[in-house]
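Trainee: Sharing a model prediction with you, sequence too.
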Amino acid sequence: MMRGLWVALAGLVPGAAGAACAPFAFEGMPYTVCEVRAGEDLRLFLEGPDGVYGSFRAVNAALAAEGKQLGFAMNAGMYHRDLSPVGLYVEDGREVTRLVTRDGPGNFGLLPNGVFCVGEGFAVVESRAFAKAGRACRYATQSGPMLVIDGELHPKLIPDSPSVYVRNGVGVSADGQTAWFAISDRAVNFDSFARMFRNGLGARDALYLDGSISRLYAPELGRSDFGFSMGPIVGTVVPKE
């Protein structure tokens, strides 16, 4: 991890449980990055007894019954009109939707795409390799395209692409002990976003989660983005203050 980001994160909430989020600049572009370490309570959320959560507020309301709350959260992958996940989705060891390995239209189908997996540590794995490996995940979400694959940028990313959006994604350290969740605070293209993960954060593998609808919940930054209802949400769970 870049020393500047480590200092920013460590100084933001010293000793706090759950992800630490901080501003991060790369090549003149502003981002917000939330770091999660293996062993923290990182979960995926889709629906409760009343249906799809759809918002950070609804997840927090459900966690309140456990005396807990979100430490941070963001949208966790693409979804259909009914808010159901596109591709693999695993929650607390239960497979809700199946892995998709075929190519197709849109960003999800821009192969290689991948899976973010939470097990003993963290992993971002190319989807077809994931299918062959049969990796066990307590939580998993599939999205695409991959941004960084074994230290290399996705081969179809275009450096000067005019297609820019606010985007969010997740990158994982080589040892699988750290996951970085990042959202751009201005519109960026895929290539810039991927290089931020690889060159700025040192991620060995990184996965695009979504764009244009990307939102972040980071209470220590006074941030709780709102908008249309979301499908899958990823976040840390901490004791309620």
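Mentor: Ah, there it is. Numbering: from 1, shown residues only.
Trainee: pretty sure residue 29 is touching residue 195, no?
Mentor: No: using C-beta atoms under 8 Å as the test, residue 29 is too far from residue 195 to be in contact (10.0 Å). (C-beta placed from N, C-alpha, C; glycine too.)
Trainee: Now find how far off-centre stretch 206-217 is within its chain.
Mentor: Distance of stretch 206-217 from the chain centroid (C-alpha atoms, centre = their mean, to the nearest Å) equals 7 Å.
Trainee: Next: stretch 204-214.
Mentor: Relative to the chain's own centre, stretch 204-214 is displaced by 6 Å; criterion: C-alpha atoms, centre = their mean.
Trainee: and that stretch, what's its mean pLDDT?
Mentor: The average pLDDT for stretch 204-214 rounds to 95.
Trainee: Show me which parts of it are buried, residue by residue.
Mentor: Residues of stretch 204-214 classed as buried: 204, 205, 206, 207, 208, 209, 210, 211, 213, 214 (neighbour count, 16 or more other C-beta atoms under 10 Å).
Trainee: taking those one by one, which sit in strands?
Mentor: Among those, the members found in strands (DSSP state E) are 205, 206, 207, 208, 209, 210, 211.
Trainee: CSV please, covering the residues you listed and showing distance to residue 219.
Mentor: Output for these, formatted as CSV (distance: C-beta to C-beta, whole Å):
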residue, distance to residue 219
205, 28
206, 25
207, 25
208, 25
209, 20
210, 21
211, 24
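Trainee: between the residues you listed, which is nearest residue 69?
Mentor: residue 209 (21.9 Å; C-beta to C-beta).
Trainee: didn't that closest one look like it was pressed against residue 76?
Mentor: Yes: with contacts counted by C-beta under 8 Å, residue 209 reaches residue 76, the gap being 6.1 Å.
Trainee: Quick check: neighbours shared by these two?
Mentor: Shared contacts of residue 209 and residue 76, defined by C-beta atoms under 8 Å, 6 or more residues apart in numbering, are found at 141, 143.
Trainee: so where's the chain uncertain?
Mentor: Scanning the chain for pLDDT under 70 picks out 1-19, 105-106.
Trainee: where's the most centrally placed residue in the chain, which helix or strand?
Mentor: Nearest residue to the geometric centre of the chain (C-alpha atoms, centre = their mean): residue 170, 4.0 Å. According to DSSP states H and E, residue 170 maps onto strand 167-172.
Trainee: what's that strand in contact with?
Mentor: Outside strand 167-172, the residues within contact range by C-beta under 8 Å, 6+ apart are 74-75, 116, 122-124, 147-148, 178-184, 188, 190, 193, 197-198, 201, 203-211, 214-216, 234.
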